[in-house]
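# here are the coordinates; sequence isn't available:
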């Protein structure tokens, strides 16, 4: 049941009608079973003083693409109502004509483009109108028996409109019905949703909630009388087993779904999804098609269902099903486009947004984490709809042509052109070791700025979390993940990569940067010191690179491994045998891996900085004093000493190194592997040869 969230004390404190519209809209959007993410629209007709000083009737309507849960005043568009209402006398109007006309009625050109359902709101002769896609209503609107059941529940209180794509025709039908039947409380739109209204903001909101709850009560009674979705067919894997399986197969899935452009993955093993994928009727219902136009824009008309038997099949079998399923989906999607398209129509990415796996759950895809999560949220709405529909009768969906006409609707395609250009590292996942400070932190911040999803790996778990929190605060929730990692511990390295895979689906970029340093004369270097340095800088770099290589191979798409070595990898310095030899080993390890990885389109390169003291946890420890001692200077003279020995006369900072790493991470270096870039201000002895 939907809760009535209206608080009269809060509402009474709001005197402005637009602010009340914001309040009402936020309440509707707060409950996703009432209003989809970025779905639905709300409006109010009010007297407003415009720039000339005169008062006119204005229709305030939600702007296209806004989310009712978070919309504010700037998300609404004001239209001159008298000009909009003139359209009611027309018999027909194309989408293009309608959009062009409505833009000319806006109070200010900087306002957002008005909702495609603006005319429906205008034609309803009430001050306040709400259009939503509640689970309960969409359930009834997607039943073969829906019209009859709606009449049984609501009698003459609501009006039914057979499916028609939003636009002038739907608006005219709804407007005529409401104007001719003052007893109506709502309109049910077949395969679509609900329209309600009121003389006050509160009345409009509460009419919506009341109709939803009457429908939900009827559905709940039906669900209680028969096995949910036909009963259980598969048993869900335990959480640990499912995670182990997903860690193996998600890179395969991501690679298969990224043939046209990379995607980020999101895993959902919530109870409603497991109930659907494990049920007897789940496959048939899921493959019947989308429940609502607002769903399919983000989920496509059909999901990909994988016939995996969790009690019998293993990871290899699931990987085969993924590859076969993706090829089949691509082929069938192109057939669907060929069947329904008109000459000149584009062909969108032919891969699924939603993948359903018995025993495992749901995986969704998107250009970023938030988009993939949004697709999952919308499929939850579909799962709720088919659950109720199965109990009530026969679930139906939009026809293939109607679904295509929504997915390839010029007005929807136009929205894509309004999105800002994707950044250089968009759709990529980078894992950076030693990322809590210094070069690693600077690199993480730089890559996040360029659109990457970043995994912050560090033995300093608290520091890693602080960096991830900063990135998520600036670039949005889900952009960064902190994982604890001691690079010398094989188990921790594997677990960290698994966590990254479970969060994003794969790895595109590895920056191996974790480090430590120690200095002492050769004859005073202990075995313990030598082994400790080599454990981190050689064994650690090996373990991290190996795990990245394994996962990148499984993806089958190009990747980049970058090892942060040092000037010392190419030229020795006195008193640092352990460090020098370890860094030299990193360099040759990178070259060795470059030879093996090239056939998989995985590039392996090195960035060799020198004397990067700022923000470094290494230089804040004994290493500073040890190097100063070797050079016969005070520790606080090191910056000046290193600056003076460079050809350019400069100090090197973490941000300088991050820029070189970015070059190797990006497509700018697609044809470069086995290479080293020095970032040292010019140390002649380290010039590459």
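In hand now; what should we look at? Quick caveat: nothing in here was measured; it's all calculated off a predicted structure.
# the helix or strand hosting residue 336 packs against which elements?
Taking DSSP states H and E as the definition, residue 336 sits inside helix 315-340. Where contact means 3 or more C-beta pairs under 8 Å, 6 or more residues apart in numbering; DSSP states H and E, helix 315-340 is packed against helix 239-257, strand 304-305, strand 354-357, helix 400-407. Using the backbone N, CA and C atoms, a C-beta is placed for each residue, glycine as well.
# any idea which of the ones you listed scores lowest on pLDDT?
Ranked by mean pLDDT, the helices and strands packed on helix 315-340 bottom out at helix 400-407, with a mean of 94.
# can you pull the buried residues of it?
402, 403, 404, 405, 406, 407 (16 or more other C-beta atoms under 10 Å).
# surely the third one and residue 335 touch.
No. With contact defined as C-beta atoms under 8 Å, residue 404 does not count as touching residue 335 (11.6 Å).
# can you pull out the low-pLDDT segments for the stretch 201-350 of the chain?
For the stretch 201-350 of the chain, no stretch is flagged by pLDDT under 70.
# residues contacting residue 372?
Going by C-beta atoms under 8 Å, 6 or more residues apart in numbering, residue 372 touches 263, 264, 265, 266, 364, 365, 366.
# what's the worst-scoring helix or strand of the chain on mean pLDDT in contact with?
One helix or strand of the chain scores below all others by mean pLDDT, DSSP states H and E: helix 622-631, with a mean of 70. Residues from elsewhere that reach helix 622-631 (C-beta under 8 Å, 6+ apart): 516-520, 573-576, 613, 634-635, 637-638, 641.
# just to revisit the earlier point, now neighbour count too, for the contacts of residue 372, in a markdown table please.
What follows is the contacts of residue 372, written out as a markdown table (neighbours: other C-beta atoms under 10 Å):
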| residue | neighbour count |
| --- | --- |
| 263 | 27 |
| 264 | 26 |
| 265 | 25 |
| 266 | 25 |
| 364 | 28 |
| 365 | 26 |
| 366 | 19 |
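# with those residues in mind, which one is nearest to residue 72?
residue 366 (24.6 Å; C-beta to C-beta).
# which one is that closest one nearest to, not counting chain neighbours?
Distances taken as C-beta to C-beta, 6 or more residues apart in numbering place residue 372 nearest to residue 366, at 3.4 Å, with adjacent residues excluded.
# so for the one you found, what's the pLDDT?
97.
# gap between it and residue 378?
The gap separating residue 372 from residue 378 is 11 Å, by C-beta to C-beta, to the nearest Å.
# that older thread, out of the contacts of helix 622-631, which end up buried?
Using 16+ other C-beta under 10 Å, the buried members of the contacts of helix 622-631 are 516, 517, 518, 519, 520, 573, 575, 576, 613, 638.
# okay, now the nearest residue to the fourth one once chain neighbours are set aside: neighbour count?
Leaving aside its chain neighbours, residue 519 sits nearest to residue 626 (3.7 Å; criterion: C-beta to C-beta, 6+ apart). Applying other C-beta atoms under 10 Å, we find 17 other residues in the vicinity of residue 626.
# ok, the one 4 residues further on next?
Under the neighbour criterion other C-beta under 10 Å, residue 630 is assigned a count of 15.
# return the distance of it relative to residue 45.
Residue 630 is 80 Å from residue 45, by C-beta to C-beta.
# and for residue 310?
54 Å.
# next: residue 573.
According to C-beta to C-beta, residue 573 and residue 45 sit 77 Å apart.
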